[in-house]
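1. What shape does this take:
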Amino acid sequence: MNDRPHDTKDAGKSDRQAALRHTHRSLPIALLRAREHVMGPIREMLNKSGVSEQKWRVLRVLDENGAMEQSHVAAQACLLLPSLTRMLHAMERDSQITRAPDRRDGRKSIVSITQIGQQILRDHADESAAIFAALEERYGATRLETLLDMLDALIDPSGDRPQPK
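-> Below is the predicted model of the structure:
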């Protein structure tokens, strides 16, 4: 396995093409492959109840953090704000979340999880835990924690990013 950007078989390629990493050693592609590997069983679990992975992330963020301003929910759930706004309409209609104007700034919305939203999380908690226990069993708890620490460092090399409570 060669992790150099190019080798002798690249001799006939242009300099730009030769400088590209092989896709099997490309960080963005490796992260996508890992995401798909991890998310496959989660998607299967969520499909049983018709909850999208995006809605699942929103419910998880709200459950962990309590009521939050909409833009903070978007950031924590890794969603674009316009996408979240559309999604929240459906989640509010389905009584999974509530929205209220921010008392300090009426232009902003505060989003909260409802009992129905919390029940969705409870309904999937055991299966979700089993999925991640299997992943931890295959990969190793220490290696998984190290990977998460490395990903945090990749996102914020300074280490200044606030850690969850």
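2. Can you mark which positions in stretch 84-97 are buried?
-> For stretch 84-97, a neighbour-count test (16 or more other CB atoms under 10 Å) marks 84, 87-88, 91, 96-97 as buried. To be clear about C-beta, it is placed using only N, CA and C from the backbone, and glycine gets the same treatment.
3. These in strands, which ones?
-> residue 97 (DSSP state E).
4. now for the buried residues of stretch 84-97, which pair is the farthest apart?
-> 84 and 96 (13.2 Å; CB to CB).
5. could the buried residues of stretch 84-97 be laid out in a markdown table, adding distance to residue 123?
-> Shown next, in a markdown table, are the buried residues of stretch 84-97 (distance: CB to CB, whole Å):
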| residue | distance to residue 123 |
| --- | --- |
| 84 | 23 |
| 87 | 19 |
| 88 | 21 |
| 91 | 16 |
| 96 | 12 |
| 97 | 16 |
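6. ok, so of the buried residues of stretch 84-97, who is nearest residue 121?
-> Using CB to CB, those come closest to residue 121 at residue 96, 10.0 Å.
7. mind checking how far residue 108 is from residue 82?
-> To residue 82, residue 108 is 15 Å away according to CB to CB, to the nearest Å.
8. between the two, who's got more neighbours?
-> A side-by-side neighbour count of residue 108 and residue 82, using other CB atoms under 10 Å, places residue 108 first with 13 against 9.
9. Could you report the pLDDT at the nearest residue to that one once chain neighbours are set aside?
-> Leaving aside its sequence neighbours, residue 108 sits nearest to residue 102 (CB to CB, 6 or more residues apart in numbering; 3.9 Å). Note on residue 102: pLDDT of 87.
10. before we move on, what about residue 108?
-> Here the pLDDT value assigned to residue 108 is 87.
11. and if you look at residue 46?
-> 94.
12. so it touches residue 127, yeah?
-> No. With contact defined as CB atoms under 8 Å, residue 46 and residue 127 do not form a contacting pair (9.6 Å).
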